[in-house]
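# below are the sequence and a predicted model for it; my questions follow.
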Amino acid sequence: MSSDCCNNSSYYMPMSTTKINENRQSLVFDAALLQFQTSIPSEFVWPDHEKPSPELPELVIPPIDLQGFLSGDHLVIAKTSHLVNEACMKHGFFLVVNHGIDSKLISKAHDYMDFFFGMQLSQKQKAQRKLGDHCGYASSFTGRFSSKLPWKETLSFRYCAEAKSSNIVEEYILNKMGEDFRQFGELYQEYCEAMSHLSLAIMELLGTSLGVGGEYFREFFEENDSIMRLNYYPPCQKPDLALGTGPHCDPTSLTILHQDQVGGLQVFVDEQWQFIRPNPEAFVVNIGDTFMALSNGIYKSCLHRAVVNNRKVRKSLAFFLCPKMDKIVTPPTTLIDAKHPRLYPDFTWHNLLEFTQKYYRADMQTLKAFSDWLPKQIK
Ligand SMILES: C=C1C[C@]23C[C@H]1CC[C@H]2[C@]1(C)CCC[C@@](C)(C(=O)O)[C@H]1[C@@H]3C(=O)O
Ligand SMILES: O=C(O)CCC(=O)C(=O)O
Ligand SMILES: [Fe+2]
């Protein structure tokens, strides 16, 4: 079990005046105050073996032309499937270009992040995330983890592709932030709908690349119950001691990430951290733990992290595709044979999500720890 399981300290004091004493009052990550301090609290300093490395090579990942793949040209389909197969069997990361998503929608999604995270902390805390819940506003997960705190603020909310949940994002934002945020909610509702459609097209590509057919995973995720996360990384006065998001594999199925031009996403491939160059025309797509289990380990969910800098805010929009909560995650039979025996137990995404929210801080071992933990839960 991670030593950083949810703790129960619940004392609020602004970062600048917090005194850590025997009852360990919890810190508050107030970026507006933090930027005037020369040092950073010890809770944000990562161990030497996890600190950012200065010089890094670039991970060159294939740009997949999505409209080209969907055009139906057999040669393009074969070439694209081969590129995706190679990348996903090795590290699970690829770029998607010619994706058809309106650039104005993407740009507004970034702009609205500046507005939200630029507000007073007390305003943002109207959407405060509760312990054990995966939705809401979090400032560095203070109160959730006791060390190796990420240098970031996040706002996460649910997106459901079902017809009866057609306004779930708008309603959540209105409920938490009030009528002034109607346009904000509408924008992210539209963004999530675009991400859901893009995810299903990518699932068609993954199904074709795995040889199970374009429809198999598209149908599996048709009624997805996904997570939209806004990552906001304030400048850090000690960027060589901190991390914006610690090393982890995404427990989800597929991540569609749009990063701004600042740079900071790194992937651990061939025994070294490598950076992914920002490209405003592209989405960075990566396989998560749940899809690694669905592919019976053939496609890899890979270790990655985000570093910070001392000059500029960095932002990323992460759409985490997830199946319906109660859908059984089990690989298609065509991906199981004598050479590829079952690697992971059947589970539901609800089981794995609850594990990461209540018992285990997602890292590079989440799926293994979960596979060991699950059988002990079944009464
Ligand atoms: C299901 C989720 C848990 C996290 C958000 C989504 C997918 C990625 C997970 C996360 C980003 C992995 C690193 C650790 C984490 C705590 C974080 O830094 O935000 C994870 C998210 C979470 O548990 O809130
Ligand atoms: O901000 C980034 O570039 C990566 C964030 C990430 O990996 C995540 O939110 O899961
Ligand atoms: Fe991630």
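Right, received. Where do you want to start? Ligands and ions are numbered 1, 2, ... in the order given.

# surely A242 is in a strand?
No - A242: not assigned to a strand; according to DSSP: H, G, I helix; E, B strand; the rest coil it is coil.

# can you count the residues close to the closest residue to it other than its chain neighbours?
Leaving aside its chain neighbours, A242 sits nearest to W151 (4.4 Å; criterion: Cβ to Cβ, 6 or more residues apart in numbering). Any C-beta I mention is one placed from the backbone N, CA and C, and that applies to glycine too. A count of nearby residues for W151, using other Cβ atoms under 10 Å, gives 27.

# give me the pLDDT for W151.
Note for W151: predicted pLDDT of 96.

# and G143, by the same measure?
According to the prediction, G143 has pLDDT 82.

# enumerate the residues of this structure near ligand 1.
134, 150, 227, 229, 245-246, 248, 250-252, 320, 353, 356, 361-362 (Cβ under 6 Å from any ligand atom).

# tell me which of these fall in helices.
L353, T356 (DSSP state H).

# picking that back up, so the residue nearest to A242 sits right up against N231, yeah?
No - W151 is not in contact with N231 according to Cβ atoms under 8 Å; the separation is 10.8 Å.

# any common contacting residues for those two?
Overlap of the contact sets of W151 and N231 (by Cβ atoms under 8 Å, 6 or more residues apart in numbering) consists of G244.

# show me where the stretch 51-200 of the chain has its helices.
Assigned by DSSP state H, counting those that start in this stretch, the helices in the stretch 51-200 of the chain fall at 66-70, 74-90, 103-117, 121-124, 168-177, 182-210.

# okay, the ones you listed, which one's buried deepest?
Most buried of those by mean neighbour count (mean count of other Cβ atoms under 10 Å) is helix 182-210; its value is a mean of 20.

# what helices or strands is the following helix or strand past that helix leaning on?
Reading on from helix 182-210 to the C-terminus, the next helix or strand found by DSSP states H and E is helix 214-220. If contacts are counted by 3 or more Cβ pairs under 8 Å, 6 or more residues apart in numbering; DSSP states H and E, helix 214-220 sits against helix 182-210.

# for the helix it packs on, what is the average pLDDT?
98.

# ok, F141 - how many residues close by?
20.

# now do the contacts for it.
L149, P150.

# can you check I328 too?
I328 touches D346, F347, T348, counting by Cβ under 8 Å, 6+ apart.

# state the distance from it to L294.
10 Å (Cβ to Cβ, to the nearest Å).
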